[in-house]
Each structure stands twice: as C-alpha cells, then as structure tokens.
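A.B. asks: okay, sequence plus prediction incoming.
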Amino acid sequence: MEINVVNALTYEDFVKLFGNVVEKCPLIPAAIWSYRPFKDLADIEAHIREFIHSLPDSGKEGVLRCHPDLAGRDTQSGTLTRESQEEQSQAGMTTLDSAESLQMYRLNTEYKERFGFPFVICARLNSKADIVCQLSERLKNDRATERERAIEEVTKICSLRLRNIVLSDIQTKL
Ligand SMILES: NC(=O)NC1=NC(=O)NC1=O
C-alpha cells in the first residue's frame, strides 16, 4: 500500500485498518492519525513508539495488560484476536502438551504476581523454547527494567503487524 493511500485515509478507515497493531489499543492509531501525512511506514512506527514511550508507567502497564497470555485462557478458549491467534500458533503456543501448558501457566502466574502485568514477547520472533527461557530469565528483572523490556516487545509486535497489513494489501493489489 502506497504511503499516500494511507495518508488519504479518513481517521475511521485508518483506525479500521491499523486499529489492532497494538493489541486491543485502537486509541494509539486513532491518536497518531493526527500526525499525517506520514513519510513512510517507519514514520508511522516512530509515532506509535513515541506515543507509547510518552505514557506514564501506569499507561505502559495498561498497554501490556491488554495483551492475552501466551497459551493462556484466550488461547485455550479460542477467543484470541486474529493477529494474536496467528502469532501464538506460529510460536507453537496453541499445540502445547499438558506438561508444557502447566509450565506456561505457572510461569505466567508467577510473572503476573511479581509485576502486575502479563509477560509479553514478540511470538513471531521466538520459538516455544525461547519463550520459556525468556519468561524464566525476565522474571529476575526489577519492575522498571521489565516494564521497558516488555514495551520493547510490544513495539516489535506492532512493527510486524504494520508490515503485514501494508504487504498483504500490496498482495491483494497485484
Ligand atoms: N503475552 C504475549 O506475549 N502475547 C502475544 N505475543 C504475540 O506476539 N502475540 C500475542 O498474543
């Protein structure tokens, strides 16, 4: 999709297209629409990153709390968003055996009890083993470090979702 097409979108269509680039946070694309015209995709990403980084700690934690657990309740009940479903299945989170499921449940629970927000990682860039290793490792962080680390993962997820939208649109155009 050409950037001039993106820049010509009404805010309704912009939010409809990009509304879930940050999981369940349509406020973010709705807000950055004000910064059009965008130079390119990277410019949109930069504005989203800037918006998130300018949030107070509670706002950042709010963004994290909008993410479904990996292999959690939503995964089990099939109520993940389309994007999360694709990402979690790609990382093998939808086909865990009972022991793996229990391990993820225990680690996610421990993480949430420690930090007050869910463990977030860019599932597309990690294998099942990477995720378990990262979750165990990051549990050792202090809250402030872990909040920033988790937000970094949110921006990676966002970046891949943005590209997916733009590239898939190009494919339909061809
Ligand atoms: N808690 C999470 O990390 N969730 C997710 N990461 C992804 O990449 N997709 C998700 O649903």
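C.D. replies: Sure, I can see it. Everything quoted here is computed from the prediction, not taken from an experiment. Numbering: from 1, shown residues only.

A.B. asks: the ligand contacts on the chain?
C.D. replies: Applying C-beta under 6 Å from any ligand atom, one finds that the chain approaches the ligand through 67-70, 84, 87-88, 118-124, 157. All C-beta spots, glycine's among them, are computed from the backbone N, C-alpha and C.

A.B. asks: 8 Å instead?
C.D. replies: 23, 67-70, 72, 80-81, 83-85, 87-88, 91, 118-124, 153, 157, 160 (C-beta under 8 Å from any ligand atom).

A.B. asks: and these, which are buried?
C.D. replies: Neighbour-count burial (16 or more other C-beta atoms under 10 Å) is assigned, among those, to 23, 67-70, 72, 80, 83-85, 87-88, 91, 118-124, 153, 157, 160.

A.B. asks: quick one: which of the residues of the chain next to the ligand sit in strands?
C.D. replies: With strands identified by DSSP state E, none of the entries of the residues of the chain next to the ligand belong to them.

A.B. asks: out of those residues, which sit inside helices?
C.D. replies: Under the assignment DSSP state H, the residues of the chain next to the ligand contribute 83-85, 87-88, 153, 157, 160 to helices.

A.B. asks: dump these into TSV; add distance to Leu55 as well.
C.D. replies: Supplementary listing: those in TSV, determined by distance: C-beta to C-beta, whole Å:
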residue	distance to Leu55
Glu83	21
Ser84	21
Gln85	26
Glu87	23
Gln88	25
Glu153	15
Ile157	16
Leu160	21
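
A.B. asks: out of those residues, which comes closest to Tyr11?
C.D. replies: Distance from Tyr11 was checked for each of those by C-beta to C-beta. The minimum falls on Glu83, at 20.8 Å.

A.B. asks: which ones are touching that closest one?
C.D. replies: 20, 23, 161, 164 (C-beta atoms under 8 Å, 6 or more residues apart in numbering).

A.B. asks: what's the separation between it and Ala99?
C.D. replies: The gap separating Glu83 from Ala99 is 28 Å, by C-beta to C-beta, to the nearest Å.

A.B. asks: quick one: contacts for Arg114?
C.D. replies: With contact set as C-beta under 8 Å, 6+ apart, Arg114 has these partners: 139, 143.

A.B. asks: in what helix or strand does it lie?
C.D. replies: Remark: Arg114 resides in helix 98-115, with elements defined by DSSP states H and E.

A.B. asks: pLDDT below threshold where in the protein?
C.D. replies: 169-174 (pLDDT under 70).
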